[in-house]
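J.: Sequence first, predicted model second:
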Amino acid sequence: MKRILLFLSVVLMLVSAQVTRAQQQQQQQRPGPQPPAETGEKFHLGMAGFTFAKFDIDKTLETMQKMNVHYLCIKDFHLPLNSTDEQIAAFQAKLKAKGVTGYAVGPIYMKSEAEIDHAFEYAKRVGVKLIIGVPDYDLLPYVDKKVKEYGITYAIHLHGPDIKIYPDAADVWNHVKDLDPRIGMCLDIGHDTRAGRDPVADLKQYKSRVFDIHLKDVTGKTKLGYSLEVGRGIIDFPAFVKMLRKVGYSGMVSLEHEINMNDPFMGIAEDLGYFRAIIRATK
């Protein structure tokens, strides 16, 4: 009897070991949960640094990691314009450790040639090839000169009816169409809408000068219109995504979340979730 019990015990141990090995092999063969493809499109999904005006770069990167967003437009409150080369290197190392690439700097407001010089030198030291800028109209010839000198693309951020210059895509186009082809616009679709424009039509018409896009939604086509979560306002996002494909846009679509900025995180998740769903639903 003891021999039988010993035999059964050995058999159970062998079977258990085989089961364990089989489970281990299955776990090795089966990949863990994989992040979704960034967009599955030519364009990339990014984040405008202004979204995190109330938070430091560590919280910014932590949030981007959670949201699976890997491109950041760097604002000067995270990396000041007068940063040393050592500070810039440390900042870039921090981004790299979190799997984030700083693809541009700005928006930077420029009211003198000296401020333009400073911005281009800053972009060069940061190592980006795109500046999001807001130069006074009379400084555009100087911007043209600097673009040629540095080989850096310059996208003018339009601001709707809130400030006197660059209210919409048409205004930017009219001021840059005869300048270096690397001078164009950051198409802020919320502000463009608040200026009474159709950002879908403007993307189609001015596609050759659209170098960056700010993603947001708004309540109306006037100055009284205000920002809210993407998908809750009046912008036609299915049509917008289809137009991104139609014109072959290959730049960034960067979320600029401008509401509840002391606690934007649920809103950011809603914005990105909705936009990613529209991308999938319009395939």
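T.: That came in fine, so what should we check first? Note that the coordinates shown come from a computational prediction; the quantities given were computed from them, not determined experimentally.
J.: can we go C-alpha only for contacts and neighbour counts from here?
T.: Will do.
J.: element containing the residue nearest the centre of the chain?
T.: Centroid check for the chain by Cα atoms, centre = their mean gives Gly46 as the closest residue, at 1.8 Å. Element membership of Gly46, judged by DSSP states H and E, is strand 44-48.
J.: Report all helices and strands that that strand contacts.
T.: strand 71-74, strand 252-255 (3 or more Cα pairs under 8 Å, 6 or more residues apart in numbering; DSSP states H and E).
J.: would you say Met185 is within a strand?
T.: Yes. Under DSSP: H, G, I helix; E, B strand; the rest coil, Met185 sits within a strand.
J.: Assign Ile213 to helix, strand or coil.
T.: Ile213 is classified as strand under three-state DSSP.
J.: wait, isn't it in contact with Tyr249?
T.: No. Counting by Cα atoms under 8 Å, Ile213 sits too far from Tyr249 to count as a contact (10.0 Å).
J.: so how far is stretch 213-232 off the chain centroid?
T.: Relative to its chain's centre, stretch 213-232 lies at 17 Å (Cα atoms, centre = their mean, to the nearest Å).
J.: gap between the two ends of that stretch?
T.: 19 Å (Cα to Cα, to the nearest Å).
J.: and it, which residues are buried?
T.: Within stretch 213-232, the residues scored as buried using 16 or more other Cα atoms under 10 Å are 213-222, 225-231.
J.: Repeat that for stretch 238-253.
T.: Applying 16+ other Cα under 10 Å to stretch 238-253 flags Pro238, Phe240, Val241, Lys242, Met243, Leu244, Tyr249, Gly251, Met252, Val253 as buried.
J.: how much space between Leu244 and Asp56?
T.: Here the criterion is Cα to Cα. By it, Leu244 lies 32 Å from Asp56.
J.: and stretch 126-140, average pLDDT?
T.: The pLDDT scores in stretch 126-140 average 98.
J.: Mind listing residues that contact it?
T.: The contact list for stretch 126-140 (Cα atoms under 8 Å, 6 or more residues apart in numbering) reads 88, 102-113, 116, 120, 123, 143, 151-158, 165, 175-176, 186.
J.: Quick check: PyMOL command selecting the buried ones in these.
T.: Typed into PyMOL, the line below selects the buried ones among those, using 16+ other Cα under 10 Å:
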select buried, resi 88+102+103+104+105+106+107+108+109+110+116+120+123+143+152+153+154+155+156+157+158+165+176+186
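J.: Filter the contacts of stretch 126-140 down to just the ones in strands.
T.: Counted as lying in strands by DSSP state E, out of the contacts of stretch 126-140, are 102-110, 153-157, 186.
J.: If you drop the residues flanking it in sequence, what lies closest to Ile88?
T.: What sits nearest to Ile88 in space, not counting adjacent residues and going by Cα to Cα, 6 or more residues apart in numbering, is Val126, at 6.3 Å.
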